[in-house]
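Undergrad: Fold the stuff below for me.
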Amino acid sequence: MLGKTPDPAGSGRTKIAGLKDIDILVGIPSYNNARTIGHVVRAVEAGLTKYFPGRRSVLVNSDGGSSDGTTDVVREASIDFDSILLDHRKGGFHKLVTPYHGIPGKGSAFRTVFEIARELEAKACAVVDADLRSITPEWIELLIKPVFEEGYDYVSPYYMRHKYDGTITNTIVYPLTRALYGKRIRQPIGGDFGFSGRLASFYLDKDVWESDVARFGIDIWMTTTAIANGFKICQAFLGAKIHDAKDPGADLSAMLHQVVGSLFDLMEEYAGTWRTVKGSEAVATFGFVYSVGLEPIQVNLEKMIEKSQMGIRELAPFHRSFLPEDALAFLHDLAARPDRGAFVYPDAMWVRTVLHFALACHRKLASREHIIKSLTPLYLGKVASFIIETWDSTAEEVERRLEELCLAFEGEKDYLIERWNGKA
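TA: Next up, the predicted model:
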């Protein structure tokens, strides 16, 4: 185990004995991930060995107090070099297992990784989720190489996902982030990222670590902060992301609240930036994009529609405080439709709906928490409508359909700007 002592000034920076001038740092935040983290650690070590021989590297497990032996698995996990035809490393590979401090959450775990990266003067960094079942050594090359050899500061992941996985990303986060900041980062809340040492230091100096970013929202915060501050960004195709995917009709209200809340907070912080952006542009993509087999996702469509319609009816009096009349009339009609085939939430109405939720938070027309939480049944309605429309569509057809939604968001940018600036 590598030695570490707390900074006597209490800044939270970690002093690590015997390590300096690290080339590559890979962080793995964890909390009770003993079942999966061993595979992740071995994939990271194999990737560093195969693609960055001779480089000094460190794996940092930033743990949130696991009680299932997660940290022991990290310490004990190792690869069999002979069985996978790899030479022993010529550089140096180190593991550091450390608890993170502060507000419980993924953001606080990332903060510890950023602190250690700055302390060790790491040149290129990555973070990967502890519960990945599909990570391969190639992921490490794809996340690190654009930073280490191509001069990029931020590498966002690009996965092939089931057409009904990532519905919050597909219906809100990707199209709105793209419309606001003009970069086509397909998975801005993907969970696995590469970044430069200087960007890690920039993140650390932002005053967000006692806010909800420390609990949730760290992924969209990292992506948006990098884009809005002019860092050089790209994305890397990683193949399939196999994880414990959720039925989009299940209770995702907490995640929706966290992610959308962060998205709206960032709109406030970077209003001066996004109001000047017109259209969107592709970003460089590393890796070979290919189709992959994906695990099926079970969808309870009837339950999703029932929850949407009930929520719309119950929240109608509250929504009257900030939604325009045409949106209210549409929602009233949607909540009354008995026929599943007639359950349609058009893109144009969905875009206006989301924008008015953002405007309501901006104008403080009601409790911010209540505003965002009241989006849940409308989101379920949009997802249900999308599923009905694309039930027989291929993944490629769904992607083209999502492109239409993105263009609808971009087309309403002037509508948002005018009202953000004070127009009724």
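
Undergrad: Give me the helix or strand of this structure that scores worst on average pLDDT.
TA: Lowest on mean pLDDT, DSSP states H and E among the helices and strands of the chain sits strand 4-6, with a mean of 35.

Undergrad: Kindly check the end-to-end length of stretch 337-355 for me.
TA: This stretch, stretch 337-355, spans 24 Å end to end (Cα to Cα, to the nearest Å).

Undergrad: actually stretch 388-402, not the one I wrote
TA: In stretch 388-402, first residue to last residue: 14 Å (Cα to Cα).

Undergrad: for it, which positions count as buried?
TA: Using 16 or more other Cβ atoms under 10 Å as the test for burial, stretch 388-402 gives 388, 390, 398, 401-402. (Each C-beta comes from the backbone N, C-alpha and C, glycine too.)

Undergrad: Average pLDDT for it, rounded please.
TA: Stretch 388-402 shows a mean pLDDT of 88.

Undergrad: Can you get me the centre-to-centre distance for that stretch and its chain?
TA: 22 Å (Cα atoms, centre = their mean, to the nearest Å).

Undergrad: Residue 231 and residue 154 touch, don't they?
TA: Yes: applying Cβ atoms under 8 Å, one finds residue 231 in contact with residue 154, separated by 5.4 Å.

Undergrad: Name the residue in those two with the higher neighbour count.
TA: Neighbours per residue, other Cβ atoms under 10 Å: of residue 231 and residue 154, the larger number sits with residue 154, 23 against 16.

Undergrad: Could you find the closest non-adjacent residue to the more buried one?
TA: residue 226 (4.0 Å; Cβ to Cβ, 6 or more residues apart in numbering).

Undergrad: and the one you found, that's in a helix?
TA: Yes: counting by DSSP: H, G, I helix; E, B strand; the rest coil, residue 226 is located in a helix.

Undergrad: which residues touch the closest residue in space to residue 379 that isn't next to it in sequence?
TA: Take residue 379 and drop its neighbours on the chain: the residue closest to it by Cβ to Cβ, 6+ apart is residue 256, 6.0 Å away. By Cβ atoms under 8 Å, 6 or more residues apart in numbering, the residues touching residue 256 are 168, 372, 375-376, 379.

Undergrad: Would you check which pair of these lies furthest apart?
TA: Using Cβ to Cβ, those span at most 12.3 Å, a distance reached by 168 and 372.

Undergrad: I would like the residues contacting the helix or strand hosting residue 384, please.
TA: Assigned by DSSP states H and E, residue 384 belongs to helix 376-390. By Cβ under 8 Å, 6+ apart, the surrounding residues in contact with helix 376-390 are 163-164, 167-168, 170-172, 248-249, 252-253, 256-257, 299, 301, 304-305, 307-312, 315, 331, 334, 340-341, 343-345, 350, 353, 397-398, 401.

Undergrad: how near is residue 360 to residue 319?
TA: 9 Å (Cβ to Cβ, to the nearest Å).

Undergrad: oh sorry, the question was meant for residue 240
TA: Distance from residue 240 to residue 319, by Cβ to Cβ: 38 Å.
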